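> below is the sequence, then the predicted model.
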Amino acid sequence: MSAPSVTHCCTTLVLGSGVAGLTYALRAAQHGPVLILTKKFRSDSSTNRAQGGLAAVLSPTDSFDLHVADTLEAGAGLCRRDVVELVVREGPALVRSLTDLGATFEHTEDDSDGLDLGLEGGHSRRRIVHSKDRTGQEIESTLLSAVAKHPDITLLEHHLALDLWVGADGAERRADRRCYGASFLDQETGAIGLVRSDQTMLSTGGCGKVYRYTTNPDIATADGVAMAARAGCSLGNMEMIQFHPTCLHHADAKSFLISEAVRGEGAVLRNVAGEEFMKDRHPLGSLAPRDVVAREIDRETKRRGDKFVLLDVSSIGEDRFRERFPAIAARLETYGIVAGREPIPVVPAAHYMCGGVVVDLNGRTEIGDLFASGEVAFTGVHGANRLASNSLLEASVLAERAGAVEPQSPEGPEPPPPPPPGTDPPRPDQGVILDHEWDAVRSLMMNYMGLVRSQGRLDRAITRLEEMREWSEDLYRTSAPSSDLAELRNLSLAGVIMARAARAREESRGLHTRLDFPETDPVPRESWCRLGEGGVEVTLRPLES
Ligand code: SIN
């Protein structure tokens, strides 16, 4: 295929339509026209699925210091304190601005001015602002309606970004390179297009689909991470993948999350024999930080040879459960489970990418005019394990800050556009082969790069993932593009990056457990990965703040 020519021009290009992309678009529209490309329907985002809520210091018994301390504690020594402080302090203002935009959050029954603050694992105070168990949906729909009313924002659905347009090629210093936009596949027409923009925001979400079991929606195929890596950005802490402890275990349920807020309201974890095993494993019991709970569930199921553990919600009761968690209760009932009457079978599943594309406090990547925010970005807030409900907070704060940055008009000639995909018609069996490779990547990651890792397992995963990466890259260069192929190309690259980062980190810390390195290194280090000529290179850098 010949290189695509420019099909759209705008001041700001936004890739993705979750909380980060929409918040940024609304702010950046002050600088000129904004184009949002989103790869499925506009509300197909991880934000829309977020059940728990948004952590913010709003209670008189709470303080910024406590929220910072809880975040640092969960992050197992790997959070950047300055970023944590900045993000935490913005919490109350963020809740006010979402409320001004029209979002409604639950209030206490007895105090119409007070928000009903929930509790989740690792929090020492009630500070989770929520809309029952549909908080993400409330925020997403509020932001989407603001975007729809904005005269300078256009949103195109079913447009899958393929590659960033970055130049000048061959520039010696990455700091000299800038982003001119991105190429995309219009999934409805099959056409390839090219957006020319003064600045580009990556807000494409995470990488949950790289695992067989995940709470993430289908869009979470590591597109932003892979595009940024191919463009030459550094990626930080990509081995730090958070497994949510309580994903519903049911043959017909595809990745359904049972919010941590359920444990915040009093539910406890029991093994299949009914023993409350978390009691002896952490002072916070079932409400310990997620890394601890997920690992202990894994240990308990392996120890007993069970497939799942049970979430006992009897202390909440049937009526209260239905009132506080209406979406979860309704969904459970479709599987014949009445919460409050019987326990809920649960297992850990991949949930959140704590690493991502390295950015500064304004969301700037190492490439000029390229920004990242939300799950795809690495700010250092989450360290080695994200504190529950800190993600909507971090995404919004960073997106707001990035949106305030004045765009620069580029000087000099445009570089060549990103390399186009191929044109060969797909072979008749291509669909089946792609399906198999998708399955293979996801199984490998689950088996060898899951909750518990070792050098032998990681080496096996890396060898196979490298082959898949090469195979999918070659096929992409020759074959007419499809979303399955483009996503596999991204998933396999992300898998290699994650496994190589995990291989390099020879310690156990937070979400990263190495059987062969059970101790925690006294010097906390971030892993930084780059895709170079010779493949993915990893360095470990002492934490600066
Ligand atoms: C949950 O509701 O348990 C998810 C909240 C989060 O991941 O922060």
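Looks like it arrived, so ask away. Computed from a prediction, not measured in an experiment: that's the story for all the values here. Residues are numbered from 1 along each chain as shown.
> neighbours of E519, how many?
Using other CB atoms under 10 Å, E519 is surrounded by 10 other residues. Placement of C-beta: from N, CA and C, glycine included.
> please name the residues that touch M278.
Taking CB atoms under 8 Å, 6 or more residues apart in numbering, we find M278 in contact with V268, L269, G285, S286, A288, V293, E296.
> distance of it from L311?
Per CB to CB, to the nearest Å, M278 is found 11 Å from L311.
> what's the answer for P410, then?
53 Å.
> ok, A222 - contacts?
A222 makes contact with G206, C207, K209, V210, M353, N490, L491, L493, A494 under the criterion CB under 8 Å, 6+ apart.
> now do E544
R80.
> ok, 10 Å please
Residues counted as contacts of E544 (CB atoms under 10 Å, 6 or more residues apart in numbering) are R80, R81, D82, G380, E526.
> avg pLDDT for the one helix or strand M498 maps to?
Using DSSP states H and E, M498 sits in helix 483-504. Per-region confidence: helix 483-504 scores 98 on mean pLDDT.
> of all the contacts of A222, which comes closest to L35?
N490 (21.1 Å; CB to CB).
> what's the local residue count around the nearest residue to that closest one once chain neighbours are set aside?
In space, and not counting its chain neighbours, N490 is closest to A226: 3.6 Å by CB to CB, 6 or more residues apart in numbering. Using other CB under 10 Å, A226 is surrounded by 27 other residues.
> for A226, give me its contacts.
Contacts of A226 (CB under 10 Å, 6+ apart): 163, 204, 207, 235, 469, 486-487, 489-497, 531.
> give me the more crowded residue out of P410 and L311.
L311 (22 against 17).
> and the next element down the chain from the helix or strand of the chain with the lowest mean pLDDT?
Of all the helices and strands that make up the chain, helix 46-49 has the lowest average by mean pLDDT, DSSP states H and E, namely a mean of 81. Going down the chain from helix 46-49, the next helix or strand is strand 54-55, by DSSP H and E.
> around the ligand, which positions in the stretch 201-350 of the chain sit nearby?
Within the stretch 201-350 of the chain, the positions near the ligand by CB under 6 Å from any ligand atom are S259, E260, A261.
> repeat that for the chain.
Residues of the chain lying near the ligand by CB under 6 Å from any ligand atom: A50, Q51, G52, S259, E260, A261, A388, S389, S391.
> ok, now with 8 Å
Neighbours of the ligand within the chain, by CB under 8 Å from any ligand atom: 50-53, 55, 120, 133, 135, 215, 242, 244, 246, 257-262, 351-352, 386-392.
> mind checking which of those residues are in strands?
Among the residues of the chain next to the ligand, the ones falling in strands (DSSP state E) are A55, Q242, H244, T246, H351, Y352.
> out of those, which comes closest to Q199?
Of all those, the one with the least separation from Q199 (CB to CB) is Y352, at 26.3 Å.
> who does the closest one bridge with?
Note on Y352: beta-bridge partners by DSSP bridges are Q242.
> against S454, how distant is it?
Y352 is 23 Å from S454, by CB to CB.
> same thing with K279?
Using CB to CB, one gets 29 Å for the distance from K279 to S454.
> neighbour-wise, which of these two wins?
Of the pair K279 and S454, S454 is the one with more neighbours under other CB under 10 Å, namely 16 against 13.
> run through the strands of the stretch 151-300 of the chain in chain order.
153-156, 159-167, 178-186, 192-202, 235-236, 241-248, 268-270 (DSSP state E, counting those that start in this stretch).
> next, the buried residues of the fourth one.
Going by neighbour count (16 or more other CB atoms under 10 Å), the buried part of strand 192-202 is I192, G193, L194, V195, R196, S197, D198, Q199, T200, M201, L202.
> C-alpha coordinates for that strand, PDB please?
Listed next in PDB are the C-alpha coordinates belonging to strand 192-202 (Å, rounded to 0.1, in the frame of the first residue of the first chain):
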ATOM      1  CA  ILE A 192      -6.600   3.800   5.800                       C
ATOM      2  CA  GLY A 193      -6.400   7.500   6.800                       C
ATOM      3  CA  LEU A 194      -3.900  10.000   8.200                       C
ATOM      4  CA  VAL A 195      -4.600  12.700  10.700                       C
ATOM      5  CA  ARG A 196      -2.300  15.800  10.800                       C
ATOM      6  CA  SER A 197      -2.400  17.500  14.200                       C
ATOM      7  CA  ASP A 198      -0.300  20.000  16.200                       C
ATOM      8  CA  GLN A 199      -0.500  17.800  19.200                       C
ATOM      9  CA  THR A 200      -1.600  14.200  19.900                       C
ATOM     10  CA  MET A 201      -2.900  12.600  23.100                       C
ATOM     11  CA  LEU A 202      -2.600   8.900  23.700                       C
END
